[in-house]
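Participant: Okay, here's the prediction I keep looking at, along with the sequence it came from:
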2 protein chains.
Amino acid sequence: MSGDLRANITIEEVAASAGVSRSTVSRVVNGSTAVSPAALEAVHRAIQELNYVPNRAARSLARRRTLAVALVVPEDTGRFFGDPFFASVVSGVHARLRRSEYVLTLFIASDDPGDKMTSYLSSGSIDGAIIVSHHASDTFVDRIASAVPVVWGGRPVHESSRDYVVDVDNAAAARTATEYLIGRGCRRIAMIAGPASMPAGVDRLTGFRTVLEDAGLAPAAIEDGLFTHAGGADAMRRILATGAEFDAVFASSDLMARGALGVLAAAGLRVPDDVAVMGFDDSSAATSAEPHLTTMRQPSFAQGEAMAATLVDLLEGRSPARSTIMPTELVVRESA
Amino acid sequence: MSGDLRANITIEEVAASAGVSRSTVSRVVNGSTAVSPAALEAVHRAIQELNYVPNRAARSLARRRTLAVALVVPEDTGRFFGDPFFASVVSGVHARLRRSEYVLTLFIASDDPGDKMTSYLSSGSIDGAIIVSHHASDTFVDRIASAVPVVWGGRPVHESSRDYVVDVDNAAAARTATEYLIGRGCRRIAMIAGPASMPAGVDRLTGFRTVLEDAGLAPAAIEDGLFTHAGGADAMRRILATGAEFDAVFASSDLMARGALGVLAAAGLRVPDDVAVMGFDDSSAATSAEPHLTTMRQPSFAQGEAMAATLVDLLEGRSPARSTIMPTELVVRESA
DNA sequence: TTGAAAGCGCTAACAG
DNA sequence: CTGTTAGCGCTTTCAA
């Protein structure tokens, strides 16, 4: 059993069964139009009957493509896997890829220049990559982007004209969130921001600041929550420790908001009565939080699908949009 | 750029450069011993100089193997990605695979009998699989296991003599945890268990019950927390709602324990003063919880490595142990 | 519209 | 120990 070949039927057998040549079978499999209806029909029947599935290695070899794309995850896997937002993005990527001929390989990238990453990439193990969560300090992303076509989930730290990106308008979304808080009567709003090394973190902070400024308000506090649960909790503790007064906290991710919630509860503060809490993402963390989070929804699954679709288009020679901006939406629940 | 071939050098060029035949190069690449020191040396130099990396599709085609293994994730991705325990397992799997010739593909499996999963598996897209988080109701696992060699992370629901599994002694670990709680003076212990459809959930519950029985104690309550954060919180609420008295709660995972912690705090109960809380896993959730969780450590990264190692051995014709039981360890922090 | 033929880059007998 | 010889299963000119 171990590793041996399942005697799959080949294109040759399909051809024989359909009474045509290999070439013709190949043509119908690959959707060429130059096939007579009769042949088409015969081949389809043969494929059906024999349950033919093309051998991917052979195709790959002949076409000089790997038919695989990588989902690039930073070596610090907790950063990625810890956030339910990404679970949903991955589902979307997978869903779209499933309808394509590409498989999704998991690629945990490290910044160690000594690792075999580059040789892996250039050995043609991958036709393209989707890079989702990266910091300014991650140098591996450049190595990857220079080796294969890349689609970015969220605008990259170093933007270049060759980039393809799927994103939301983070600044606008943060503005909407902040305006909601102000509309609700909050005046001393603290922010638990994402790291300054990540575009999403920066853009949301910018949106927040803009609205506050326009309203003639000053941030009650701003702390980096690292986009993690623990980081959000720590940030909340730091804000509490400063003794600053605040009637709301806006966290750049639901995960951080949930971390903050725990600290707030431990400090005896009521949400939303004493302090309103606003999240971002509308990931499953929003509804697993207590109380449920008011948040800005990102269409995570659709974002994943869009990333995959963009990459597939790119690899198949079509010309996808360089930038796909997905809509966000305010979701009001209990926390604010 | 899109999808085109990077003109990689081939085995032929290496052979020419080294002054030997393709076969000899192939032999050294594949570690055959039957090569003269001189040839070995020459080939190695040529490989180095030319920066040769074998084409994986060609190898795959010739060897009739895909050189890819799948990490099987249940369609409900949140179940998997939401738990930091798995982030660590995946890292371990990846780390081990990196030293092999296999790539890791992500395979989101569904129970939909109509999907193309089976044809995917039998089209030889994968040489083997690692299945990590599955319920009794997941039927896809059987389809996978009957198509390719499988290594189970945690004993499978339906055990068969052909299985290879990497696990911890869940019952023993739960016993240790429970004994610790009793030793600490707790007498009314509630449990937030994993689902009855998952072996790990069942085994831990069994361990808990055994110790209680031996001590002449009865469980204060038992609720299913679904191995999720939200499920843990809900379970805690249910326990609170019954009005049962308890001085400790033992959760089958850190994630559930953290969910419970939030509810406890909201209810005004002090941990560990009013109630001791014990987790399981020692994942990052243990230290992102407030207070930090006392828990049973599982060597998650090593478990991942062991799973991958077992699968690689299997695929390469070696005979790995059918069962690898990894050690657990009590980690005392603040919560109990 | 179709088939023949020539590979894609590598492995694996089989001789020698 | 090493080279020769066949493929692995599919795509893709090139003629017909």
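Facilitator: Structure received. Numbers count the residues shown, from 1 in each chain, chains lettered A, B, ... in the order given.

Participant: Now do the SS call for the residue of the stretch 151-300 of chain A found nearest DNA strand C.
Facilitator: Going by C-beta to the nearest atom of the strand, DNA strand C is nearest to A:Arg162 of the stretch 151-300 of chain A, at 25.1 Å. Any C-beta I mention is one placed from the backbone N, CA and C, and that applies to glycine too. Here A:Arg162 is coil, with the state taken from DSSP: H, G, I helix; E, B strand; the rest coil.

Participant: now it: how far from DNA strand D?
Facilitator: According to C-beta to the nearest atom of the strand, to the nearest Å, A:Arg162 stands 24 Å off from DNA strand D.

Participant: phi, psi of that residue?
Facilitator: A:Arg162 adopts backbone torsions of phi -90, psi 0, taken as degrees, to the nearest 10.

Participant: Could you give the number of residues near it?
Facilitator: 11 (other C-beta atoms under 10 Å in any protein chain shown).

Participant: can you tell me the average pLDDT over stretch A:197-214?
Facilitator: On average, the pLDDT along stretch A:197-214 is 97.

Participant: ok now the helix or strand harbouring A:Ser88, how far from the chain's centre?
Facilitator: Using DSSP states H and E, A:Ser88 falls within helix A:84-98. Centre-to-centre, helix A:84-98 and its host chain are 7 Å apart (C-alpha atoms, centre = their mean, to the nearest Å).

Participant: close to chain B, is that helix?
Facilitator: Yes: using C-beta under 8 Å from any C-beta of the partner chain, helix A:84-98 reaches chain B at A:Pro84, A:Phe86, A:Ala87, A:Ser88, A:Val90, A:Ser91, A:His94, A:Arg98.

Participant: Closest one to B:Ala251 out of these, please.
Facilitator: A:Pro84 (18.9 Å; C-beta to C-beta).

Participant: Just list the residues touching that closest one, thanks.
Facilitator: A:Pro84 makes contact with A:Asp254, A:Leu255, A:Ser283, A:Ser284, A:Ala285, B:Gly78, B:Phe81, B:Gly82 under the criterion C-beta atoms under 8 Å, 6 or more residues apart in numbering or on different chains.

Participant: among those, which two are most distant?
Facilitator: Across the contacts of A:Pro84, no pair lies farther apart than A:Asp254 and B:Phe81, at 14.1 Å, counting by C-beta to C-beta.

Participant: which one of those two has more residues nearby?
Facilitator: Each of A:Asp254 and B:Phe81 has its neighbours counted (other C-beta under 10 Å); A:Asp254 has more, 31 against 25.

Participant: Would you check that the more buried one makes contact with A:Val277?
Facilitator: No: using C-beta atoms under 8 Å, A:Asp254 is not in contact with A:Val277; the gap is 10.1 Å.

Participant: Identify the contacts common to those two.
Facilitator: A:Leu293.

Participant: What residues does the stretch 1-150 of chain A have near DNA strand C?
Facilitator: The stretch 1-150 of chain A has residues A:20-24, A:27, A:33-36, A:38-40, A:58, A:61-62, A:64 near DNA strand C, with proximity defined as C-beta under 7 Å from any atom of the strand.

Participant: Select only the buried ones of those in PyMOL?
Facilitator: Buried subset of these, written as a PyMOL selection, criterion 16 or more other C-beta atoms under 10 Å in any protein chain shown:
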select buried, chain A and resi 20+24+27+35+39+40+61+64
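
Participant: Just the ones of the residues of the stretch 1-150 of chain A next to DNA strand C in helices?
Facilitator: Judged by DSSP state H, the subset of these located in helices is A:Arg22, A:Ser23, A:Thr24, A:Arg27, A:Ala38, A:Ala39, A:Leu40, A:Ala58, A:Leu61, A:Ala62.

Participant: Quickly note the distance from A:Gly304 to A:Val168.
Facilitator: A:Gly304 sits 13 Å away from A:Val168, taking C-beta to C-beta, to the nearest Å as the criterion.
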